[in-house]
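Chemist: Below are the sequence and a predicted model; questions follow.
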Amino acid sequence: MPTQNPVFIPGPTNIPDRLRHAMDMQSIDHRAPDFERHFVPLLQSLKSIFGTSVGEVFLFPSTGTGGWEAAVTNTLSPGDEVLAGRYGMFSHRWIELCRRQDLYVHAVEADWGEGVPVAEYERILAADTEHRIKAVLVCHNETATGVTSDVGAVRKALDQTHHPAMLFVDGVSSIASIDFRMDEWGVDVAVTGSQKGLMLTPGLAVLAFSPKALEACHASRCTRAYFDMRAMREANRAGSFPYTPPVGLIRGLAESMSMLKDEGLPQVFARHRRIAEGVRRAVDAWGLSLCAKRPELYSNTVSAVQVPRGYDSGLLVRHAYEHYGVSFGGGLGDVAGKVFRIGHLGDMTDVMALSGLAAAEMAMANLDYPIEMGSGVAAAQAYYSATRNRWKQEVA
């Protein structure tokens, strides 16, 4: 009997059986002491994936979009100015969310395939001598284009201009898969979700707030109720929620953190680098290119592959699903029809990646793409075979 093929979308990602079993549970009383005993240590353990020792972590039953809203509504007020770059669909959506909250956004346009426009950020921050800009937004890993930006460079721009704005980072498709250093980079709010590197179903927005961001919550005048950080913080200190929590997801999250600890975060990051490099070598063997403009921007969690001129990536994604039962990500926004996305994060191995590459090759061959079937798989095989032990030694 056929079973579910792995998904190769950049989220929701594949769910390990260990996590599915952890979430398969009978109802419990979330006001009972048992919940508190498990929940409070979980909040502490989550600090490791953000790279913070001084920040506080919070869970909201939501998705990454809810995390964006919680970030801005708890720290800013209507009319406040925000600096953000638009270089992909998710950076674009965060900008639009800010505008709906009556924030004034300095939106810096960049080519989709480029990273955060640091030089323009620095110019605008230097010109803002009255410090009207209260927050700077960065999409660490732009899922639509397969681009990872340099958050540390944005912190440097803030420091060099002596600007006091808070730094907010969308790490939805990076945190728990790509090295994230909240304290080192001076990030004030970081956002991720349960369905990416944490390998769970959608349903939890996971945020980390710096002491500076928590202090800003007292002055914020944005309307909020469900996403009220003060109510959440007060309840969390008592080991509870201000409303009914998704207990099964929280149980799964605790097991996810155990899995990441068992593997070791450096090993997790190295595994993602290695799998991503094999995918990139396959793309090169196909004679295709990535949406990301330069190697230093290449994402280790998702590769956005540009299809040849005259081809529609949407048809390719649909064909792969209808004929082979395999899901790839389609192009979004400015790159709709121009790229297909291979997600390689979370519960992913080199063997799983090879199956996805083989499915992509078959679908492209069926649609008369100018590729040699087997070429990408062979290139990835050669890389994975040659590095099967080396990457573990490098981590050690």
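Modeler: Okay, I see it.
Chemist: Can you give me the neighbour number for the nearest residue to residue 333 once chain neighbours are set aside?
Modeler: Among residues not flanking residue 333 along the chain, residue 89 sits closest, at 4.1 Å (CB to CB, 6 or more residues apart in numbering). (Each C-beta comes from the backbone N, C-alpha and C, glycine too.) Applying other CB atoms under 10 Å, we find 20 residues neighbouring residue 89.
Chemist: which regions of the stretch 251-396 of the chain sit below the pLDDT cut-off?
Modeler: Applying pLDDT under 70 to the stretch 251-396 of the chain flags the ranges 391-396.
Chemist: where along it do the helices fall?
Modeler: 265-285, 313-324, 350-366, 375-386, 390-395 (DSSP state H, counting those that start in this stretch).
Chemist: Off-centre distance for stretch 190-197?
Modeler: Centre-to-centre, stretch 190-197 and its host chain are 6 Å apart (CA atoms, centre = their mean, to the nearest Å).
Chemist: just stretch 222-229 next, same as before
Modeler: 23 Å.
Chemist: what comes up buried for that stretch?
Modeler: 222, 224, 227-229 (16 or more other CB atoms under 10 Å).
Chemist: Return the subset of the residues you listed lying in helices.
Modeler: residue 229 (DSSP state H).
Chemist: Mind putting the buried residues of stretch 222-229 into TSV with distance to residue 370?
Modeler: Shown next, in TSV, are the buried residues of stretch 222-229 (distance: CB to CB, whole Å):
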residue	distance to residue 370
222	51
224	52
227	49
228	55
229	52
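Chemist: Can you report how many residues neighbour residue 77?
Modeler: The number of residues near residue 77, taken as other CB under 10 Å, comes to 16.
Chemist: Can I get stretch 89-99 in CSV, CA atoms only?
Modeler: Extracted C-alpha coordinates of stretch 89-99, given in CSV (Å, rounded to 0.1, in the frame of the first residue of the first chain):
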residue,chain,number,x,y,z
MET,A,89,7.4,37.5,-0.2
PHE,A,90,7.8,37.2,3.6
SER,A,91,9.7,40.4,4.1
HIS,A,92,6.9,42.0,2.0
ARG,A,93,4.1,40.5,4.1
TRP,A,94,5.8,41.7,7.4
ILE,A,95,5.8,45.2,5.9
GLU,A,96,2.2,45.0,5.0
LEU,A,97,1.3,43.7,8.5
CYS,A,98,3.1,46.7,10.1
ARG,A,99,1.2,49.1,7.9
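Chemist: Return the set of buried residues in that stretch.
Modeler: 89-95, 97-98.
Chemist: And stretch 133-140, by the same measure?
Modeler: 133-140.
Chemist: And stretch 173-193, by the same measure?
Modeler: 173-180, 182, 185-193.
Chemist: any idea which element the residue nearest in space to the middle of the chain lies in?
Modeler: Closest to where the C-alpha atoms of the chain average out (CA atoms, centre = their mean) is residue 173, at 1.5 Å. According to DSSP states H and E, residue 173 maps onto no helix or strand at all.
Chemist: Do I have it right that it meets residue 139?
Modeler: No. In this structure, residue 173 is not within contact of residue 139 by CB atoms under 8 Å, at 9.2 Å.
Chemist: Make a markdown table from the buried residues of stretch 89-99 and add distance to residue 296 to it.
Modeler: Shown next, in a markdown table, are the buried residues of stretch 89-99 (distance: CB to CB, whole Å):
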| residue | distance to residue 296 |
| --- | --- |
| 89 | 21 |
| 90 | 20 |
| 91 | 18 |
| 92 | 22 |
| 93 | 25 |
| 94 | 23 |
| 95 | 24 |
| 97 | 28 |
| 98 | 28 |
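Chemist: which pair in those residues spans the largest distance?
Modeler: 89 and 98 (15.2 Å; CB to CB).
Chemist: Indicate which one of the helices of the stretch 251-396 of the chain is closest to residue 169.
Modeler: When the helices of the stretch 251-396 of the chain are compared (using CB to CB), the closest one is helix 265-285, at 16.8 Å.
Chemist: Once you drop chain neighbours, what's closest to residue 365?
Modeler: residue 373 (4.5 Å).
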